[in-house]
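K.L.:
Sequence plus predicted model, see below.
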Amino acid sequence: MKHRESVLRLFKNKLWVELSMAILILLISAFVINSYIADKDIKNEIEFLSNQASIFEKTSQYQKSIDQGNKILSIISYEEYPYEYGSTQNEIGEAYCSLAAFQDNEININMAINAHQEALMIFTNESYPIEYAKTQKDLGVAYYNLAEVRDKEENLNLALKASKEALNIYSREKYPVENTDVQNILSQIYLGLAKVRDKEKNINMAINASHQALTINTKEDYPEEYARTQNSLSLIYLELAEVRDPEINLNISLNASNEALKIFTIESHPLQYANTKKNMGNAYSAFSNIRDPEEYLSMAIMASDEALLIFTNDSYPLDYAETQNILGNSYRLSAEIQDNKKKLNDAVEAFDKALQIFSIEKYPINYAKTQNNLGLAYQGLSKNGNKELHLKLAIAAYQEALKIYTKESYPINHVDIQNNLGLAYRDLAEIQEPEKYLGMAVIAYSEAMTIFTKNSYPIKYANIQVDLGNTYHNLAEYQDPDNNLNFALIAYYEAQEIYTIESYPIENRLIQTNLDHAQGDLLNNNS
C-alpha cells in the first residue's frame, strides 16, 4: 500500500513538473511571439516614418522631415535599435543642413553637426565602415557650411579632417562615385582655405581634387555631377587669377561656367543655372580689370540680373544677398570708368540689400565682406560731392568689417581692408587735419605689408609701396620733410623692384615720375 502511494505521489510530482514546464514554455513562447510582434510593429513604424521623412526631404519640406525623424527617435532606444538610431540621426542631420539654406543658418548647421556626431557613436570605422564614411562626408559638408558663417579656418580644417576620414573608406577603386563626391567637397574646402592663407598651395589642392572628380564624373556618364564640378572649377580659377596669370585663369573660369551651362539650363535646373550665372558675374567683373572694362562690366551686371530672376529675397535669401554683393561691385567698378554717380548709388543700394540678410550676428563673414564693399562704394561717391561725409561713411564701413576680419583669423582680408583704410585716410587728409590722417594712412599701409610681402604677394606689395610713397611725400609738406621724403624714395624703389621697366613699362614710368618729384623736393629742401 505504501509503495503504491509512493508511486502515485511520484507520478503526480512528475505530472506537475511536466505541466509546469509546459506552462513555462507557453509563457516564454507567448513572450517571444509578443516581442516579435512588437519588434515588427516598431520596425514597420520606423520604415513608415523614414519613408515619410524621405518624401518630405525630396520635396524640400525639411522641417517636416526632421519632425518625422524625431518621431522615430521617440519610439526607439540607442541600445535596442542602434542601426536605426544612427541612420535616423544622419537623416535628421541632412535635413537640418538643407534647412539652414533658408532659415536660422548657424543654428540649423549646428543641429546638423550634433546629429551626425550622434550617428558616429554607432557608426564606427570598425563596425559600420560604409555608414561611417557617409556620416563623415556629411559632417564635412556641415562644417564647410559653418565655415561660411564664422571661424572660417577652424571649421574648414574640421571639414577637411572629416572628408579625409570618408576617403579612407571611399577608395577610388571600390567606390568611385562616392569618392568623387568627397573630392568635390574637398575642392570647396581647399578653395575656402585659400581665402585664409597659403592661397596658391590650397588652390592647387582644390584644382587637383576637382580634376580627380572629373575623371569619373564625365559629361556622358554623370552630366549633373560634371556640371557641378565645372562650377567649382570656375570659382577656383577665379581665385587663382588673383595670384597669377589673371587673363588665362579668368578665361578658364568662364569656360568652366559655360561648360556647366550646357547641362544647367534655366528650364531644367533653374537653381544651378542661377548659381552659374552668379559665378560668371564675378568672373566678368574681375575681367574688367584686365581689358574692355565697359563691356565686361555690362556682362557682369547682366549675369547677376539673370541670377536674381531665380534668387529672390523670399525664396533664396542667402543666394540673393550674395548676388546683390556681386551686382553692387559691378556697379561700383562701372562707375569708376564712366564717373557715374547713379551707378555708385545703385552699388550702395545693392550692398544695403545684401546687409538686410547678412547681419553681423547671423552671417559675420558675409557681413564683413559686404561692409568692405560698401566702404569702397562710399569712397567712390566722395569724388562726386559731400567728400567728408562719404569718406567718413567709408571709414566707418571698413571699421565694421575689421570687427570680423581680424589679423589672426582672416589675415588676407584684414590687410586688404587696411589698404582701403589707408586710401580713405589719405583722401580725408586733403580736406582736414592732414598730419593726423596721413599718419593714420601710414600706419594702415604698414599693417597691410605685414601680410602682403614682396615674395608672397608681389603686385599687391608694389601697389601698397606706391601708395605709401605718395603718403610719405604728402606728409613731408607738414612735418619732418627730409625723413619723410627719404621714406617716400625707399617705398618707390621697393615698388620698382616688382614693376620693372621690362615687365611693366607703364607702371615703372609712373613710379619713376613720382620718384623724380620726391628727389626734386628733397634737393630743394637741402639747397
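P.N.:
Thanks, I have the structure now.
K.L.:
and the spatially most central residue of the chain, what does it touch?
P.N.:
What sits nearest the mean C-alpha location of the chain, by Cα atoms, centre = their mean, is residue 148, with 4.2 Å. Residues in contact with residue 148 (Cβ atoms under 8 Å, 6 or more residues apart in numbering) are 192, 365, 366. For the C-beta atoms, the positions are set from N, CA and C on the backbone; glycine is no exception.
K.L.:
residues near the first one, how many?
P.N.:
Think residue 192. Around residue 192 there are 21 other residues, counting by other Cβ atoms under 10 Å.
K.L.:
got it, and residue 211?
P.N.:
Using other Cβ under 10 Å, residue 211 is surrounded by 13 other residues.
K.L.:
I'd like the secondary structure assignment at it, please.
P.N.:
Using DSSP: H, G, I helix; E, B strand; the rest coil, the structure places residue 211 in helix.
K.L.:
Next: residue 382.
P.N.:
Put simply, residue 382 is helix when judged by three-state DSSP.
K.L.:
ok, for it, nearest residue in space, not its chain neighbours?
P.N.:
Leaving aside its chain neighbours, residue 382 sits nearest to residue 390 (3.8 Å; criterion: Cβ to Cβ, 6 or more residues apart in numbering).
K.L.:
Report whether the expected contact of that neighbour with residue 375 is present.
P.N.:
No - at 10.0 Å, residue 390 and residue 375 do not qualify as touching, with contact defined as Cβ atoms under 8 Å.
K.L.:
Comparing the two, which shows the higher neighbour count?
P.N.:
Higher neighbour count among residue 390 and residue 375: residue 375, with 26 against 22, using other Cβ under 10 Å.
K.L.:
ok, and the closest non-adjacent residue to that one?
P.N.:
Nearest-residue entry for residue 375: residue 397, 3.5 Å, with adjacent residues in sequence omitted and distances by Cβ to Cβ, 6+ apart.
K.L.:
can you check residue 453 too?
P.N.:
residue 461 (6.1 Å).
K.L.:
got a list of what that neighbour touches?
P.N.:
449, 452, 453, 454, 494, 498.
K.L.:
what about 10 Å?
P.N.:
Residue 461 is in contact with 448, 449, 451, 452, 453, 454, 455, 494, 495, 497, 498, counting by Cβ atoms under 10 Å, 6 or more residues apart in numbering.
K.L.:
and which of those residues is nearest residue 439?
P.N.:
Among those, residue 448 lies closest to residue 439 (Cβ to Cβ), at 15.4 Å.
K.L.:
quick one: residue 330 from residue 382, how far?
P.N.:
Distance, residue 330 to residue 382, by Cβ to Cβ, to the nearest Å: 20 Å.
K.L.:
who's more crowded, these two?
P.N.:
Ranked by neighbour count (other Cβ under 10 Å), residue 330 and residue 382 place residue 330 first, with 29 against 21.
K.L.:
Would you check that residue 365 makes contact with residue 406?
P.N.:
No - applying Cβ atoms under 10 Å, one finds residue 365 not in contact with residue 406, separated by 11.7 Å.
K.L.:
Can you work out which residues contact both of the two?
P.N.:
Common neighbours of residue 365 and residue 406, counting by Cβ under 10 Å, 6+ apart, are residue 413.
K.L.:
Neighbour count for the two, which is higher?
P.N.:
Shown here are residue 365 and residue 406; by other Cβ under 10 Å, residue 365 has more neighbours (21 against 12).
K.L.:
Now for that one: which residues touch it?
P.N.:
Taking Cβ under 10 Å, 6+ apart, we find residue 365 in contact with 147-152, 195, 358, 404-405, 409-410, 413.
K.L.:
Let me have the residues you listed in TSV, extended by pLDDT.
P.N.:
Converted to TSV, those look like this (pLDDT from 0 to 100):
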residue	pLDDT
147	92
148	88
149	86
150	84
151	87
152	89
195	87
358	93
404	93
405	93
409	84
410	87
413	90
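K.L.:
Buried members of the residues you listed into PyMOL, please.
P.N.:
Typed into PyMOL, the line below selects the buried ones among the contacts of residue 365, using 16 or more other Cβ atoms under 10 Å:
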select buried, resi 147+148+149+150+152+195+358+404+405+409+410+413
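K.L.:
Which residue comes closest to residue 114 once chain neighbours are left out?
P.N.:
Leaving out its chain neighbours, the residue that sits closest to residue 114 by Cβ to Cβ, 6+ apart is residue 93, at 7.9 Å.
K.L.:
Quick one: buried ones out of the contacts of residue 461?
P.N.:
The neighbour-count test (16+ other Cβ under 10 Å) marks 448, 449, 451, 452, 494, 495, 498 as buried among the contacts of residue 461.
K.L.:
Identify the residues contacting the last one.
P.N.:
To tie it back to what came earlier, the one meant is residue 498. 454, 457-463, 465-466, 504, 507-508, 511.
K.L.:
Just the pLDDT for it.
P.N.:
pLDDT, residue 498: 90.
K.L.:
Against residue 457, how distant is it?
P.N.:
Separation of residue 498 from residue 457 (Cβ to Cβ): 10 Å.
K.L.:
overlap in contacts of the two?
P.N.:
Taking Cβ under 10 Å, 6+ apart as the criterion, residue 498 and residue 457 both touch residue 463.
K.L.:
hang on, the earlier thing: helix or strand for the residue nearest to residue 375, which one?
P.N.:
For residue 397, the element it lies in under DSSP states H and E is helix 387-402.
K.L.:
List the buried residues of that helix.
P.N.:
For helix 387-402, the neighbour count (16+ other Cβ under 10 Å) marks 387, 390, 391, 393, 394, 395, 397, 398, 400, 401, 402 as buried.
K.L.:
Counting by contacts, list what that helix packs against.
P.N.:
Under the contact criterion of 3 or more Cβ pairs under 10 Å, 6 or more residues apart in numbering; DSSP states H and E, helix 387-402 touches helix 341-357, helix 364-381, helix 411-429, helix 434-448.
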